[in-house]
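Q: Fold the following and give me the result.
(one chain, ligands or ions: 3)
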Amino acid sequence: MRLVKANFLVKEIRNKNPLKVLVRAYSDDEIVPNLLRGVDYVRHPRLNKGLAFSFEERQVLGIHGLLAGTVKTQEEQIAICKYSLNRYKNPLNKHLYLAELLDTNEKLFYELMSTDVEKYLPLVYTPTVGLVCQRFGLVYKRPRGLFITLHDKGKIRGILRNWPETHVRAICFTDGERILGLGDLGAYGMGIPIGKLCLYTALAGVPPAHCLPITLDVGTNNQMLLEDPMYIGIREKRATGDSYDEFIEEFMEACVNQYTHSILLQFEDFALANATRLLDRYKNCYCTFNDDIQGTASVVVAGMFAACRITKKKLKDNIYLFLGAGSAGVGIANLVCDAMVEEGISMEEAVKKIYMFDAGGLLSTKRQGGVPPHATKFGRDMEPTKDFGSLVGSLKVTCLVGASTVGGAFTSAILQQMGKNTERPQIYALSNPTVKAECTPQQAYDATEGRCIYASGSPFPPVKFGGKTYHTGQGNNSYVFPGIALGVILCHAHHVPDSMFLTAAKTLAKCVTQKDLDLGRIYPHLNEVRVISSKIAVSIINRAFNEGLAGIYPKPENVEDFVQKYMYNSKYVDYLPDRYDYPCGDSKIKVKTMEELMASLTKKTKKGRCK
Ligand SMILES: NC(=O)c1ccc[n+]([C@@H]2O[C@H](COP(=O)([O-])OP(=O)(O)OC[C@H]3O[C@@H](n4cnc5c(N)ncnc54)[C@H](O)[C@@H]3O)[C@@H](O)[C@H]2O)c1
Ligand SMILES: O=C(O)C[C@H](O)C(=O)O
Ligand SMILES: [Mg+2]
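A: Ligands and ions are numbered 1, 2, ... in the order given. Model (predicted):
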């Protein structure tokens, strides 16, 4: 086609508002604002394709000349991104590159992630996200979520309205008080809900427009931040008591009232006292869950199920000792008990197989100050002790779980004792980020003559032992929360009961192959996680229907299809669709290609119908 003629026709098309046609074509995803100019397609990260806009698209959208004269495929762009990323050595710089990419070209970012989840996940999530949070004042550039401060009390609904997306289906929110194992980072905690929701899309295909990260800025007790000139939060001590509770209550209500459809509310990285209390308060009246309590429990129990295939034992055949009896520790312990009860023992017997240890020592009913209320069930009628190491031997522990935030707490003496207690000791070093892990996989393998079954919260490089290389897995809630969220969102579940987390654990455990186990991991390869998430979502939807918790009716005939159809596709959309109706005068032209459209227009113009 000659350009002069094309230009004339393109002008003709534009006069007839082709953008409306294009927007309609794209708005199947329900994510495009209604009024767009051509340049918005370049500026809006959701629409931008960079040099991948075809020449025809450039003509029709009126962006010809705004881009260099080459058209690249998405694959070619990905190769450039990989090359650029490799040039950075520091993970924080790699993260900044990826954040920039997400801010300019959303599809390219997610497509890049999908090419190697194992490689890119640690850069947008744990452990790099810990570093990002610690430096958030420095890296903060543009809004990628909402900040709602204590001073916004009474106006929270109005702030939610300011979020530009109208189809929000899930909110992940933190008050920044327990960011990973790094403590109170106040408003700097924003990196966490952003990272978690990024995983909703990358690992489970929830469209980005459906995700809203929120930081509830209620102050911070971190003196360093209060004095940090770069700090971006309110410079006040944390709100507590009624003031805090009323704020949370207003927030929860505002979220449900703002959206006509159901909304999933994911609590993330709240400190212990608020985490358990708020979950108890809201879990039966909102569609909500706490990822650190319930998501973590699900992933760890999944690992324990998979480990049973190695040990040839059942969960009930183990003795469990926890270092850390906080949100994660007690959440896991509770779900392990539920799983043991399903194996046929009573809850009382199940609880007796679990020993917990926190900063105050063994959870003993006889210790000073007693057992914290959220863990009463696990208080033992034993003499108090602060000697964790000797308990490992005296209790003949077979499964050691670390969720303590204490890096290196599993010393080689403790690990060696685990090796003496049983042939295949299980060791979970769950604390994040990397420096907080209770032990590294190499330490665990070395101390147990390579016999241990190991998982960590943060990723570690492969372990070398006895001439072999092992790839230990990541016992991180990221294996489950995206899939659970996908299922909950899709079936509009009223609640997210604990039973759903056990369901997800079983589904995840089934995805572990013999090859995974032989490689030393009790979780599937991370690059499989998108498929796993869809399986988890299917199991969650089935469970929701079985328990009468689904908010849609009737149940989709084919749940797998139902899930697949919703999942986000990071391949570029062709803005000139295969066939569309182009309004022309009082009739419509049905065309398949740009050429056809132009030919039809010329014909109609000649007949004088298209002025
Ligand atoms: N791998 C995962 O998916 C995952 C999920 C959730 C939490 N985590 C990690 O687990 C850690 C704990 O998280 P949480 O939400 O349970 O925190 P939390 O604050 O609720 O609990 C921490 C627990 O550790 C105990 N503790 C602290 N210092 C101790 C010490 N010196 N000796 C013994 N116990 C000690 C505390 O008393 C408390 O019981 C964090 O590092 C977090 O990043 C990992
Ligand atoms: O964020 C993670 O990597 C897991 C977990 O939610 C945590 O708080 O450590
Ligand atoms: Mg967390």
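
Q: What are the boundaries of the helices in the stretch 101-250 of the chain?
A: Counting by DSSP state H, counting those that start in this stretch, one finds helices in the stretch 101-250 of the chain at the ranges 106-115, 117-124, 128-134, 136-139, 156-162, 191-204, 223-226, 241-258.

Q: Report the rounded mean pLDDT for the fifth one.
A: Averaging the model's pLDDT scores along helix 156-162 yields 97.

Q: got the buried residues for that helix?
A: Neighbour counts using 16 or more other Cβ atoms under 10 Å place 156, 159-160 of helix 156-162 among the buried residues. (Each C-beta comes from the backbone N, C-alpha and C, glycine too.)

Q: Return the list of helices and strands in contact with the lengthiest strand in the chain.
A: Looking across the chain with DSSP state E, the single longest strand is strand 211-217. The contact analysis (3 or more Cβ pairs under 8 Å, 6 or more residues apart in numbering; DSSP states H and E) places strand 211-217 against strand 146-149, strand 170-174, helix 191-204, helix 241-258.

Q: contacting residues around the second one?
A: Meaning strand 170-174. 189-190, 192-193, 196-197, 200, 206, 210-216, 251, 255, 263-270, 291, 485, 489 (Cβ atoms under 8 Å, 6 or more residues apart in numbering).

Q: which residues touch the residue lying closest to Val300 once chain neighbours are set aside?
A: Sequence neighbours aside, Ile332 is the residue nearest to Val300 in space, at 4.7 Å (criterion: Cβ to Cβ, 6 or more residues apart in numbering). Residues in contact with Ile332 (Cβ under 8 Å, 6+ apart) are 296-297, 300-301, 322, 401, 403.

Q: how close does the residue of the chain found nearest ligand 1 get to ligand 3?
A: Relative to ligand 1, the nearest point of the chain is Gly326 (1.8 Å; Cβ to the nearest ligand atom). According to Cβ to the ion, to the nearest Å, Gly326 and ligand 3 sit 11 Å apart.

Q: Name the residues of the protein found near ligand 2, please.
A: The chain comes close to ligand 2 at residues 126, 180, 269, 291-292, 432, 457, 476-477, as judged by Cβ under 6 Å from any ligand atom.

Q: and the residue of the stretch 51-200 of the chain found nearest ligand 2, what pLDDT?
A: Residue nearest to ligand 2 within the stretch 51-200 of the chain (Cβ to the nearest ligand atom): Thr126, separated by 3.3 Å. Looking at Thr126, its pLDDT reads 97.

Q: Verify the contact between Phe562 and Asn542 for me.
A: No - assessed by Cβ atoms under 8 Å, Phe562 is found out of contact with Asn542, at 11.0 Å.

Q: Overlap in contacts, these two.
A: What both Phe562 and Asn542 touch, as defined by Cβ under 8 Å, 6+ apart, is an empty set.

Q: Of the helices of the stretch 101-250 of the chain, which stretch is the most buried?
A: Greatest average neighbour count among those goes to helix 191-204 (a mean of 26), per mean count of other Cβ atoms under 10 Å.

Q: From the contact counts, what lies against it?
A: So helix 191-204, by 3+ Cβ pairs under 8 Å, 6+ apart, packs with helix 106-115, helix 117-124, helix 128-134, strand 170-174, strand 211-217, helix 481-491, helix 529-546.

Q: With distance to Asp498 added, can I get those in JSON lines?
A: Converted to JSON lines, those look like this (distance: least, Cβ to Cβ, whole Å):
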{"stretch": "helix 106-115", "distance to Asp498": "30"}
{"stretch": "helix 117-124", "distance to Asp498": "27"}
{"stretch": "helix 128-134", "distance to Asp498": "27"}
{"stretch": "strand 170-174", "distance to Asp498": "19"}
{"stretch": "strand 211-217", "distance to Asp498": "24"}
{"stretch": "helix 481-491", "distance to Asp498": "12"}
{"stretch": "helix 529-546", "distance to Asp498": "11"}
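
Q: which one of those lies closest to ligand 3?
A: Nearest to ligand 3, of all these, is strand 170-174, at 8.1 Å by Cβ to the ion.

Q: contacting residues around Val480?
A: Residues in contact with Val480 (Cβ under 8 Å, 6+ apart) are 295, 298-299, 302, 501, 504-505, 508, 536.

Q: cutoff 10 Å now
A: Going by Cβ atoms under 10 Å, 6 or more residues apart in numbering, Val480 touches 203-204, 291, 294-302, 500-501, 504-505, 507-508, 529, 532-533, 536, 540.

Q: Could I get the phi/psi values of it?
A: Main-chain dihedrals, Val480, degrees, to the nearest 10: phi -120, psi -40.

Q: In the stretch 301-450 of the chain, what residue lies closest to ligand 2?
A: Asn432 (3.8 Å).

Q: Give me the neighbour count for that residue.
A: Number of residues near Asn432 (other Cβ atoms under 10 Å) recorded here: 25.

Q: Was I right to think it contacts Thr126?
A: Yes - using Cβ atoms under 10 Å, Asn432 is in contact with Thr126, at 5.0 Å.

Q: Overlap of the contact sets of those two?
A: With Cβ under 10 Å, 6+ apart, Asn432 and Thr126 have common neighbours 180, 457-458, 474, 476.

Q: Would you mind writing the PyMOL command to select the buried ones in these?
A: Only the buried entries of the shared contacts of Asn432 and Thr126 go into this PyMOL selection, using 16+ other Cβ under 10 Å:
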select buried, resi 180+457+458+474+476
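
Q: My guess is Ser298 contacts Pro482. True?
A: No - in this structure Ser298 lies outside contact range of Pro482 using Cβ under 10 Å: 11.8 Å.

Q: intersection of neighbour lists for these two?
A: Common neighbours of Ser298 and Pro482 (Cβ under 10 Å, 6+ apart) are Ile536.

Q: sorry, back to before: could the helices and strands packed on strand 211-217 go into TSV alongside mean pLDDT?
A: Shown next, in TSV, are the helices and strands packed on strand 211-217 (pLDDT from 0 to 100):
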stretch	mean pLDDT
strand 146-149	98
strand 170-174	98
helix 191-204	98
helix 241-258	98
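
Q: Just tell me which of the ones you listed ends up closest to Leu98.
A: With Cβ to Cβ as the criterion, Leu98 lies closest to helix 191-204 of the helices and strands packed on strand 211-217, at 9.3 Å.

Q: ok and the closest one relative to helix 529-546, angle-wise?
A: Put simply, helix 191-204 runs at 90 degrees to helix 529-546, going by axes from the mean of the first three to the mean of the last three Cα atoms, to 10 degrees.

Q: roughly how far is helix 191-204 from the heart of the chain?
A: Counting by Cα atoms, centre = their mean, to the nearest Å, helix 191-204 is centred 4 Å from the centre of its parent chain.

Q: Also stretch 396-413?
A: In terms of Cα atoms, centre = their mean, the centre of stretch 396-413 is set 26 Å apart from its chain centre.
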